[in-house]
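>>> Fold the following for me, if possible:
(one chain, ligands or ions: 2)
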Amino acid sequence: MKSNRKSKPNGQALLLINIGQLVTLQPASSKPGPRRGPGLKELGIIEDGAVLCLGGRIVSVGPTKDALRDPWLKKNRRKVLEIDCASKVVLPGFVDSHTHPVFVSPRLVDFEKRIEGASYEEIAEAGGGIRSSLEGFRKAGKRVLVEKVLAVLRDMAAHGTTTVEAKSGYGLTVESELKSLEAIRDAAYRWPGTVVATLLGAHVVPKEFQGCSQKYVEAVCKEMIPQAAKRKLAQFVDVFCDQGAFTAAETEQIFEAAEQYGLSVRAHMCQLTETPLQPLLRFNPASFDHMDHVSEDDIAQLARHDTVATLVPGANYFLGLKEYPRARRLIDAGVPVALATDYNPGTSPTLSMPTAMSLACTQMKMSPAEAVAAATINGAWALRVADRKGTIEPGKDADLAVFAVEDYREIPYWFGANRCSLTVMNGSVACPQ
Ligand code: NIG
Ligand code: FE
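Ligands and ions are numbered 1, 2, ... in the order given. Below you'll find the model as predicted:
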């Protein structure tokens, strides 16, 4: 799946005016690559702003009074759908760069066990966790899965998200992983936003391969990856590299196969235990996600690479952990940091980017400005779509989120409430119910 953009752009001309704060994310400096250090705070806010979109793209950005003087607009105003934002805040649509939306049921027993004191690892060892999601998933028909994914995408859009990375990973057979990717493709086709699909066949070793994980890794490398690549069902391959899942050596093997078949890579890293990152950097991963336990040496290495550290504080919150990833250390050392929901039934059943941002501010001491950039432009870098997503600039896709607040800092401030009042996805307007 190269891109689902071609079928998406809405030809309708669209003008948003009277935007109290238009948070463009246009950089003040011209440093290439993902935002780092002080660059993560550059929001490029225009007061009383306006955005003109045409053919699913942004064509001009500036103060409302300048937009209204535009000769093209004066001539064509009747053809333009005009939205008076009445001093609200407009951001680039959020880019949620880490989600697992293709599952059948919530894991409520795991939830209760954890409240009673069991850890994520203990629950998995006792037969809960990811493996307990497999049986229902394998039996599920594709149509049911498509409807579930579509409902999630719509709900995400209602919270301001317009680009979503969606992983497979709850089937763990060749057939059911392909079914999962097909469900992502079919749901994406019916959603005006943009979906980037990831094969996560290496989520855990399924029961039938326990004790012979190498055989399972071979199935991932020799069957799942080639088939997903050939059918263009995925752009990325992900691996859960950690204790109880896949080793660093197995991750390298899987990355080699991905490389061979032209797929880019990303990985769940250092969520439960510290794993050296350096050997994996030669694969130029788009992102390393979770990153709860990272060595100082690896932080220094990452500061020299474009691999994004994608932090998912919803997982730490939901697992009831006291510790969160060291966002401050990573940012201050110059590592590019993104934020994502990690929407999944085991560790992070939230699809709200504002919730992830609020946790980033209160628990990881990121400033609201850093949280905004991490949830937009750096998410776009983590998905390698920064050329068309993540900022409000002429030439980029018309992906916008309107929030019924006066100041962008209110987005992480009013935690638990959804203040998103409208989204624009590839030029199509969607209003949350
Ligand atoms: O990102 N860590 C691995 N994968 C998910 C959890 C998936 C699950 O528990 O169902 C995560 O936290
Ligand atoms: Fe995850």
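>>> Find the closest residue to ligand 1 in this protein.
residue 346 (2.1 Å; Cβ to the nearest ligand atom). Where you see a C-beta, it was placed from the backbone N, CA and C, and this is true even at glycine.
>>> The nearest residue to that residue once chain neighbours are set aside - how many residues pack around it?
Ranked by Cβ to Cβ, 6 or more residues apart in numbering and with sequence neighbours excluded, the top spatial neighbour of residue 346 is residue 107, at 5.5 Å. Per other Cβ atoms under 10 Å, the neighbour tally for residue 107 reads 21.
>>> ok so, going back, got the confidence number for the residue of the chain closest to ligand 1?
Taken from the predicted model, the pLDDT recorded for residue 346 is 97.
>>> Next one: it from residue 133, what distance?
As judged by Cβ to Cβ, to the nearest Å, residue 346 and residue 133 stand 7 Å apart.
>>> And residue 9, by the same measure?
Counting by Cβ to Cβ, the gap between residue 9 and residue 133 amounts to 36 Å.
>>> what about the two, which has more around it?
Regarding residue 9 and residue 133, a neighbour count based on other Cβ under 10 Å identifies residue 133 as having more, with 25 against 19.
>>> what touches both of residue 346 and residue 133?
In terms of Cβ atoms under 8 Å, 6 or more residues apart in numbering, residue 346 and residue 133 are both contacted by the residues residue 107.
>>> how about the CA coordinates for the helix or strand harbouring residue 166, as CSV?
When secondary structure is defined using DSSP states H and E, the element that contains residue 166 is strand 161-167. In CSV, the C-alpha atoms belonging to strand 161-167 read as follows (Å, rounded to 0.1, in the frame of the first residue of the first chain):
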residue,chain,number,x,y,z
THR,A,161,-6.4,12.8,14.3
THR,A,162,-6.2,12.8,10.5
THR,A,163,-3.3,10.4,9.9
VAL,A,164,-3.0,7.0,11.6
GLU,A,165,-0.4,4.2,11.6
ALA,A,166,-2.3,0.9,12.0
LYS,A,167,-0.6,-2.3,12.9
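>>> List the contacts of the following helix or strand past that strand.
Helices and strands here follow DSSP H and E; after strand 161-167, the next one along the chain is helix 174-189. Contacts made with helix 174-189 from outside it, assessed by Cβ under 8 Å, 6+ apart, are listed as 1, 4, 7, 101-102, 137-138, 142, 145-150, 153, 166, 168-171, 194-195, 197, 199, 201, 219, 223-224, 227-228, 231, 233-234.
>>> show me what contacts the residue most central in space within the chain?
For the chain, the residue whose C-alpha lies nearest the mean C-alpha position (Cα atoms, centre = their mean) is residue 97; its distance is 1.6 Å. Under the criterion of Cβ under 8 Å, 6+ apart, the neighbours of residue 97 are 165, 196, 287, 308, 310, 338, 340, 379, 380, 382, 383.
>>> Make a markdown table out of those and add neighbour count, distance to residue 295 and pLDDT.
Putting the contacts of residue 97 into a markdown table (neighbours: other Cβ atoms under 10 Å; distance: Cβ to Cβ, whole Å; pLDDT from 0 to 100) gives the following:
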| residue | neighbour count | distance to residue 295 | pLDDT |
| --- | --- | --- | --- |
| 165 | 30 | 26 | 99 |
| 196 | 28 | 29 | 98 |
| 287 | 32 | 18 | 98 |
| 308 | 32 | 18 | 98 |
| 310 | 30 | 18 | 99 |
| 338 | 30 | 20 | 99 |
| 340 | 33 | 22 | 99 |
| 379 | 33 | 25 | 98 |
| 380 | 28 | 28 | 98 |
| 382 | 34 | 21 | 98 |
| 383 | 30 | 26 | 98 |
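>>> now, which of those lie within strands?
Judged by DSSP state E, the contacts of residue 97 include 165, 196, 287, 308, 310, 338 as members of strands.
>>> So which of these is the closest to residue 25?
Taking Cβ to Cβ as the measure, residue 25 sits nearest to residue 338 out of the ones in strands among the contacts of residue 97, at 13.0 Å.
>>> burial measure for the residue nearest to that closest one when sequence neighbours are not counted, as a count.
If the residues on either side of it in the chain are set aside, residue 338 comes closest to residue 378, at 4.0 Å by Cβ to Cβ, 6+ apart. For residue 378, the neighbour count with other Cβ under 10 Å is 31.
>>> Renumber starting at 58 from here on
Right, with 58 as the first residue, what we last looked at is residue 435.
>>> Return the residues in contact with residue 435.
Neighbouring residues of residue 435 by Cβ under 8 Å, 6+ apart: 91, 92, 97, 365, 393, 394, 395, 396, 447.
>>> Same question for residue 409.
216, 398, 475.
>>> what's the pLDDT at the last one?
Taken from the predicted model, the pLDDT recorded for residue 475 is 97.
>>> Any idea how many residues pack against it?
Using other Cβ under 10 Å, residue 475 has 16 other residues around it.
>>> what's the answer for the one 4 residues further on, then?
Summarising burial for residue 479: neighbours were counted as other Cβ under 10 Å, giving 21.
>>> tell me the SS of it?
Put simply, residue 479 is strand when judged by DSSP: H, G, I helix; E, B strand; the rest coil.
>>> Am I right that it is in contact with residue 489?
Yes - if you go by Cβ atoms under 8 Å, residue 479 and residue 489 touch, sitting 7.5 Å apart.
>>> Buried among the contacts of helix 231-246? Make that a PyMOL selection.
What follows is the PyMOL syntax for the buried subset of the contacts of helix 231-246, where burial is set by 16 or more other Cβ atoms under 10 Å:
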select buried, resi 58+61+158+159+194+195+202+203+205+206+207+210+223+225+226+227+228+251+252+254+256+258+276+280+281+284+285+290+291
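>>> which ones among the contacts of helix 231-246 are found in strands?
Applying DSSP E to those, the entries found in strands are 223, 251, 252, 254, 256, 258.
>>> mind pulling up the phi and psi values for residue 472?
Residue 472 adopts backbone torsions of phi -70, psi 140, taken as degrees, to the nearest 10.
>>> Run through the residues that contact it.
411, 412, 415, 419.
>>> how does it look with 6 Å?
Contacts were defined as Cβ atoms under 6 Å, 6 or more residues apart in numbering; by that measure residue 472 touches residue 415.
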